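J.: Give the three-dimensional model of this entry:
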Amino acid sequence: MKNIKVKWPLNPQETVLFKVNAVHLQSTWKAKQGAIYITSERIVFEIKPMMMFFLFGIIGWLLTKNKKSYEIPLTDITDFKRGKQGFNKKVAEFDLLDGSKSRFGITGKWEAFDMAYQKAMLDVKPLFSIK
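T.: Numbers count the residues shown, from 1 in each chain. Okay, here's the model as predicted:
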């Protein structure tokens, strides 16, 4: 397994398990490009500032930093499923404890993303369990 570097601080004992390019689907007409990281504690979406590249070329792109724009603690996820939007059939849909939903269009192989997510969730302690 290769070491995945991030530009934001990791918690003690937190490891990055997987990275893939993705699109955060905020609504039907609004989406942001970036990368999604699965760590041992959370899912982090990092925006890629593509507009700076178009406006100022390579120098503008290099001067802007990627930023962590959205994160979901794994303990807040109540349901995960594969969905679709338009022709894209690789949309990760997360239902959260507060009743909200988060959707990400995944590039690359869905199976690799799904396996990394399932592996991360194996170590998460459920907040409640049915006995």
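J.: Next up, the contacts around Arg103.
T.: The contact partners of Arg103, taken as C-beta atoms under 8 Å, 6 or more residues apart in numbering, are His24, Leu25, Gly83, Gln85, Val91, Ala92, Glu93, Phe94. Glycine gets a C-beta too; all of them are placed from N, C-alpha and C.
J.: Pull up the gap between it and Phe94, please.
T.: According to C-beta to C-beta, to the nearest Å, Arg103 stands 8 Å off from Phe94.
J.: Tell me the spacing between Thr78 and Lys101.
T.: Taken as C-beta to C-beta, the span from Thr78 to Lys101 is 10 Å.
J.: Ile36 too?
T.: The value you get for Ile36 to Lys101, if C-beta to C-beta is used, is 15 Å.
J.: Mind checking which of the two has more residues around it?
T.: Ile36 (25 against 11; other C-beta atoms under 10 Å).
J.: Surely the more buried one touches Leu25?
T.: No - under the criterion of C-beta atoms under 8 Å, Ile36 is not in contact with Leu25, lying 11.6 Å apart.
J.: any shared contact partners between the two?
T.: With C-beta under 8 Å, 6+ apart, Ile36 and Leu25 have common neighbours Phe104.
J.: Which secondary structure element is home to the residue nearest the centre of the chain?
T.: What sits nearest the mean C-alpha location of the chain, by C-alpha atoms, centre = their mean, is Ile36, with 3.1 Å. Taking DSSP states H and E as the definition, one finds Ile36 inside strand 31-39.
J.: bridging residues for the nearest residue to Arg103 once chain neighbours are set aside?
T.: Distances taken as C-beta to C-beta, 6 or more residues apart in numbering place Leu25 nearest to Arg103, at 4.2 Å, with adjacent residues excluded. Going by DSSP bridges, Leu25 is paired in beta bridges with Ala31.
J.: Output the lowest mean pLDDT helix or strand found in this protein.
T.: Every helix and strand in the chain was compared by mean pLDDT, DSSP states H and E; the lowest is helix 50-63, with a mean of 55.
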